[in-house]
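Trainee: I would like to see how this sequence folds:
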Amino acid sequence: MESYTALRRSSLKKDHTKFTIVCGILIMIIAVVFSDYIFVALGAVVVYVALYSKDVVIDDKGMTTHYNAIFYNKSRTYPFSEFSELRVVSSMPTETVIGFVRKGMNTNCIFTADDAESIIDLALEHNPRIHITEVQARRRPGR
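Mentor: Predicted coordinates:
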């Protein structure tokens, strides 16, 4: 049984998790010094959100999303039969964005180009009625 894990972020984007955690801790320290407990809670929320992670795994069962946080762990699995369309965006040669459309809602996931081809084949194998759509990458304004 093969499984493919989505990338957490594009290789073009920087990871600011450590910086965000440091900022959240600084907010809490400054809030304690000034006795502002609303900002202590705000700093705790910033740290909590920075530690939150979401992992998407594609395998024979379908798409499984794992939500991992400090106090909250949950998994949801959607079989391929629930997806009506796959929207494929190949904007880079190394990465491909696949949008899984279920009940009109689109869930975008970033995969390596090799994994994306295997995922499309796996989806067609488990749901021959699924529609594959090649979508052009949108250009950002000002670029």
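Trainee: list the buried ones in stretch 87-107?
Mentor: The neighbour-count check on stretch 87-107 (16 or more other C-beta atoms under 10 Å) flags 87-89, 95-101 as buried. Using the backbone N, CA and C atoms, a C-beta is placed for each residue, glycine as well.
Trainee: okay, now it: how far is its last residue from its first?
Mentor: 10 Å (C-alpha to C-alpha, to the nearest Å).
Trainee: and it, how far from the chain's centre?
Mentor: Mean-position distance between stretch 87-107 and its chain equals 11 Å (C-alpha atoms, centre = their mean, to the nearest Å).
Trainee: show the average pLDDT along it.
Mentor: Mean per-residue pLDDT for stretch 87-107: 89.
Trainee: list of residues touching it?
Mentor: Stretch 87-107 has contacts (C-beta atoms under 8 Å, 6 or more residues apart in numbering) with 7, 10-12, 56, 63, 65, 78, 82-86, 108-113, 116, 119-120, 132-137.
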